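>>> give the three-dimensional model of this entry:
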Amino acid sequence: MTKVFVNLPTRDLERAKAFYVALGCEISPPFTDENAACVVWSEDIYFMILRREYFETFTDKPIADPNDVLQVSVAFSQDSREEVDAILAKGLAAGGSEPKPAQDYGFMYSRDLDDPDGNSLGFLYMTPEAVENGPDHVADTAASA
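Numbers count the residues shown, from 1 in each chain. This next block holds a predicted model:
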């Protein structure tokens, strides 16, 4: 099985760790030190939260400030709209921000959450019908009802 590691820069490692723990993640001590924290999202998904200065050692490219430039947005599916709202509530309480209002497309409900460093996370719920048949099928079914 492929493991996914998402590297994210931070200006405040302790604040970032507290934010992700508030979302329900765990910190992996063997891969955490004064420069980086390994945040366990799931058995197969990890965030490496890296101090900006340390992050810069991995590339010759400039590191964008996620408060000003969106380089990537990572999205996670949830099992219900309520779970989307619940994780947003946790993130907002832990210092995150919601950059735009919720998006409700009928077959899909999504909300975005920026961590305190501005890194963008998306959370969405998609109806089982849309997952199985695609959003056009759901729209066609609703229109013919």
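
>>> which residues does the closest residue to Leu92 other than its chain neighbours contact?
In space, and not counting its chain neighbours, Leu92 is closest to Glu98: 6.5 Å by Cβ to Cβ, 6 or more residues apart in numbering. (C-beta placed from N, C-alpha, C; glycine too.) Applying Cβ atoms under 8 Å, 6 or more residues apart in numbering, we find Glu98 in contact with 88, 92, 111-114.

>>> list buried residues within those residues.
The neighbour-count test (16 or more other Cβ atoms under 10 Å) applied to the contacts of Glu98 identifies 88, 111-114 as buried.

>>> make CSV out of these and add secondary structure.
Output for the buried ones among the contacts of Glu98, formatted as CSV (DSSP: H, G, I helix; E, B strand; the rest coil):
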residue, secondary structure
Leu88, helix
Arg111, strand
Asp112, strand
Leu113, strand
Asp114, strand
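
>>> which single one of those is nearest to Tyr46?
Closest approach to Tyr46 among these (Cβ to Cβ): Leu113, at 18.1 Å.

>>> next up, phi/psi of the residue nearest to Leu92, please.
Main-chain dihedrals, Glu98, degrees, to the nearest 10: phi -110, psi 110.

>>> need the residue closest to the centroid of this structure.
Leu121 (2.8 Å; Cα atoms, centre = their mean).

>>> I'd say that residue and Arg111 touch.
No - in this structure, Leu121 is not within contact of Arg111 by Cβ atoms under 8 Å, at 9.5 Å.

>>> can you list the domains in the chain?
Using automatic domain parsing, the domains assigned to the chain come out as 1-60, 67-145.

>>> mind saving the C-alpha coords of stretch 58-69 as PDB?
Only the C-alpha atoms of stretch 58-69 are listed here, as PDB (Å, rounded to 0.1, in the frame of the first residue of the first chain):
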ATOM      1  CA  PHE A  58      14.700  20.400   0.600                       C
ATOM      2  CA  THR A  59      14.500  22.600  -2.500                       C
ATOM      3  CA  ASP A  60      16.200  25.300  -4.500                       C
ATOM      4  CA  LYS A  61      12.800  26.800  -5.300                       C
ATOM      5  CA  PRO A  62      11.300  29.600  -3.300                       C
ATOM      6  CA  ILE A  63       8.800  28.600  -0.600                       C
ATOM      7  CA  ALA A  64       5.400  30.300  -1.100                       C
ATOM      8  CA  ASP A  65       3.700  31.900   1.900                       C
ATOM      9  CA  PRO A  66       0.400  29.900   2.100                       C
ATOM     10  CA  ASN A  67      -1.300  33.000   3.400                       C
ATOM     11  CA  ASP A  68      -0.700  34.700   0.100                       C
ATOM     12  CA  VAL A  69      -0.400  31.900  -2.500                       C
END
